[in-house]
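J.: Below are the sequence and a predicted model; questions follow.
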Amino acid sequence: MLRTYIADIALPSCLYNASGARCVTAAELDALAESAAGAILSKSCTPTYRAGNPLPRYYENEWGSFNSMGLPNEGYKYYAKYAAVRPHRDKPYFVSVSGLSLDDNLMMIEALGKTPPIDAIELNLSCPNVPGKPQTGYDMEHTNETLRQVAPLCLNKVWGVKLPPYFDIAHFNETAAILNQYPIHFVTCINSIGNALVIDPHSEQVVIKPRNGFGGLGGDYIKPTALANVRQFYTLLRPDIAIIGCGGVRTGIDAFEHILCGASAVQVGTALVREGTACFSRIEAELKTLMQQKGYYCIDDFKGKLKEL
Ligand code: ERO
């Protein structure tokens, strides 16, 4: 009922983890492999191990999450090696790449592109939390140049990009026009809303330590922005580019709304961190119940079919 495709990759369920959420270590990736998630996606990687930003760097409240992790990861070779030893090899395994320079990205993508047990590469153009490194996705020229140089390295690999949230129609149009020029297979919308500020009025303090308390917002806070980005890119991109929704997916209804806006698959971040991998079977059951109530047999029955008033 929830089966879906990203290019020619079949996912037994359209729900899987957002990069960053419980996917840094082999033990966390194993737990995703054992769960009801339809695929496994790694933490965004860099050429070598990074410890990330100082603690505390993650905070949550009833409306969502707030982070400035600073790209803690084991280095790309770790995620490449994991591809061959992971349990449940029939479940698709995707690696997220987030180098601190274009050269870093080219080097990692070339190597990961030649690693057959990796099913797809998600190039993260939207990390909001590395001091001194602006988000590539907000720099149109740099985005274009990145895709121009990455595309030839991905001729035999399914690949796509993770975008930051956009807020202006001109930016949706400009970004879509660039993406449509390249042979990408998918676009993931959205990364956390960067450079937000959550504070504690009692202590009169910021709630996370790095970057004077500024960080990326996720969870319920960001669902309307995520849905707007999914809808805009579903409308503006070539029909062969799958949209992967990410942002505020906590219930089956949230996943349903993303698919209605045009998502072919839906990632879970904040809810996975809070609840653990059991979130997948719960959200799947909720989504299936809703589909049954509405008389839908598969996600194509309602994907992208959002009605206007
Ligand atoms: O700080 C991070 O490691 C991070 N947090 C996010 O919300 N999104 C990211 O893309 C990211 C690092 C790549």
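T.: Thanks, I have the structure now. Residues are numbered from 1 along each chain as shown.
J.: the helices in this structure, which residues?
T.: 26-34, 76-85, 102-113, 140-150, 169-179, 223-236, 252-261, 270-275, 278-294 (DSSP state H).
J.: Let me know the angle separating the last one from helix 252-261.
T.: On the basis of axes from the mean of the first three to the mean of the last three CA atoms, to 10 degrees, helix 278-294 is oriented at 70 degrees to helix 252-261.
J.: Now helix 278-294: buried residues?
T.: Across helix 278-294, burial judged by 16 or more other CB atoms under 10 Å covers Cys279, Phe280, Ile283, Glu284, Glu286, Leu287, Leu290, Met291. (C-beta placed from N, C-alpha, C; glycine too.)
J.: what's the first one in contact with, if anything?
T.: Cys279 makes contact with Val268, Ala271, Leu272, according to CB atoms under 8 Å, 6 or more residues apart in numbering.
J.: Mind doing that once more with 10 Å?
T.: The neighbours of Cys279, taking CB atoms under 10 Å, 6 or more residues apart in numbering as the test, are 15, 17, 21-22, 35-37, 249-251, 268, 270-273.
J.: Next: the fourth one.
T.: For Glu284, the contact set (CB under 10 Å, 6+ apart) comprises Met1, Leu2, Ser13, Cys14, Leu15, Ala36, Ala37, Gly38, Gly252, Ala255.
J.: Filter the residues you listed down to just the buried residues.
T.: The neighbour-count criterion (16+ other CB under 10 Å) marks Leu2, Ser13, Cys14, Leu15, Ala36, Ala37, Gly38, Gly252, Ala255 among these as buried.
J.: For the residue lying closest to Lys157 once chain neighbours are set aside, give me its contacts.
T.: Distance criterion CB to CB, 6 or more residues apart in numbering; nearest residue to Lys157, sequence neighbours excluded, is Gly113 at 4.6 Å. Contact partners of Gly113, counting by CB under 10 Å, 6+ apart, are Ile121, Val150, Pro152, Leu153, Cys154, Leu155, Asn156, Lys157, Trp159.
J.: Could you tell me how far the closest residue to the fifth one other than its chain neighbours is located from Ala84?
T.: Pointing back at Cys154 there. Beyond its immediate neighbours in the sequence, the residue positioned closest to Cys154 (CB to CB, 6+ apart) is Gly113, lying 5.7 Å away. In this structure, Gly113 and Ala84 are separated by 15 Å, where distance is defined by CB to CB, to the nearest Å.
J.: Equivalent analysis for Gln293, please.
T.: From Gln293 to Ala84 the distance is 42 Å (CB to CB).
J.: Same question for Tyr221.
T.: Look at Tyr221 and Ala84: by CB to CB, they are 38 Å apart.
J.: Which one of these two is surrounded by more residues?
T.: When Tyr221 and Ala84 are compared on other CB atoms under 10 Å, the one with more neighbours turns out to be Tyr221, at 21 against 12.
J.: Quick check, the more buried one in contact with Arg250.
T.: No: distance between Tyr221 and Arg250: 11.2 Å, which falls outside the contact criterion (CB atoms under 10 Å).
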